[in-house]
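Colleague: Next comes the sequence, and after it the predicted model I'd like to discuss.
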Amino acid sequence: MRIQNLNLKNKLTLMVAMLLVGCGKTQLNNNQIIRIEPLIENNSIKHHEICHMSDVCIDNEKLLKNLYGSGVKFINSNEVEVNSSGVAKVIYSSKFTHKNDNYALFISGFNEYDKNGGIPSCHACGQQMGLAVFRFNVERGLWEEFSSNNNVGNFGSFGEVNLGAMKNGALSLYDITKNNFLLTFNQGYMGQGYISEWVELISISKGISEFSSRKIGWIRIAETNCSGNQSDNLDWSSTRDLIYNDKSPYPDVHLNISYKSVACDDKNSKIVGSKKQVYQYDVVKNAYLEIKR
């Protein structure tokens, strides 16, 4: 199809679609529902070293000092003691390309010492998550800090953040706007035979304050009933799509929910029902709320 053979309306529609696809957004249907594709998905680097093609690498010691300040004592290249009050370490890193620029994403975890001077490991003990993003400056030949926050929130259990990428490949990073990314990762909890899973949503923007990386909500994505108690709707899982919303700074989250026929039994269970749920970001409440339809 040649553009010059289209009328003005069709030309504009085609141009908008081309721009959105170029930004990592994919059109799902003719109603202009645009799905956002991840820049990072299921990507973990074991040794936490990020280098540019010019062999200029990010110094993890400098990274941890930037995140946690001058009062750090190095245990090894990926782990520091912070102000004699606890231990922080790099737990995830990945490099990604966006609009021909190279970026690096680092996630750290901090544990405050317990009363015995050890690292807490109870099932309800998570970590204080830190996050840093760097962009490689080609002209200067160095990595520059893009966004940084050593206290995005407490996540995880048994003394670990337990990122989805470290367990089941559920961590993803999305491009939202020019200076704004969205990080998502799955979390879970089991109590009295009930297993609940949810997705955390973290906004990452160009660093202008300590809140350049911040939590903007969570959404429940699965429930499993292993308690033995009967329930018609407490055994379900879901897939999700992030859908572009031009009226919001963050995309809508569409859940495709499937209900199972047998509780706590993936092998013998069948899908007996399904439904869709849509969540939109509420600026006032800084949370994702379900949209009643």
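Modeller: Nice, thanks for sending it over. Since the model is a prediction, treat every value here as computed from it, not as a measurement.

Colleague: Pick out the residue closest to the middle of this protein.
Modeller: Thr184 (2.1 Å; Cα atoms, centre = their mean).

Colleague: Tell me the bridge partners for it.
Modeller: For Thr184, the beta-bridge partners under DSSP bridges are Ser172, Leu201.

Colleague: Isn't it up against Ile176?
Modeller: No: Thr184 lies out of contact with Ile176 (Cβ atoms under 8 Å); the separation is 11.4 Å. Every residue, glycine included, has its C-beta placed from N, CA and C.

Colleague: where does the closest residue to Asn162 other than its chain neighbours land on pLDDT?
Modeller: Closest residue in space to Asn162, ignoring its immediate chain neighbours: Gly156 at 4.1 Å, by Cβ to Cβ, 6 or more residues apart in numbering. For Gly156, the pLDDT comes out at 88.

Colleague: got any ranges where this protein has weak pLDDT?
Modeller: 1-32, 44-47, 164-169, 208-211 (pLDDT under 70).

Colleague: Counting neighbours, what do you get for the residue lying closest to Tyr244 once chain neighbours are set aside?
Modeller: Leaving aside its chain neighbours, Tyr244 sits nearest to Ile34 (3.8 Å; criterion: Cβ to Cβ, 6+ apart). Neighbours of Ile34 under the rule other Cβ atoms under 10 Å: 22.

Colleague: Ile34 and Asp241, how far apart?
Modeller: 10 Å (Cβ to Cβ, to the nearest Å).

Colleague: and what of Ala104?
Modeller: According to Cβ to Cβ, Ala104 stands 27 Å off from Asp241.

Colleague: Those two - which one has more neighbours?
Modeller: Ala104 (23 against 19).

Colleague: Surely the more buried one and Tyr92 touch.
Modeller: No: contact criterion Cβ under 8 Å: Ala104 and Tyr92 do not qualify, at 11.2 Å.

Colleague: and the residue nearest to the centre of the chain, what does it touch?
Modeller: 170-174, 199-202, 242 (Cβ atoms under 8 Å, 6 or more residues apart in numbering).

Colleague: Kindly tell me how buried Trp236 is, as a neighbour count.
Modeller: For Trp236, the count of nearby residues is 20 (other Cβ under 10 Å).

Colleague: if we can go back for a sec, for the contacts of Thr184, which single residue is the most surrounded?
Modeller: Using other Cβ under 10 Å as the neighbour test, the contacts of Thr184 are led by Leu171, with 25 neighbours.
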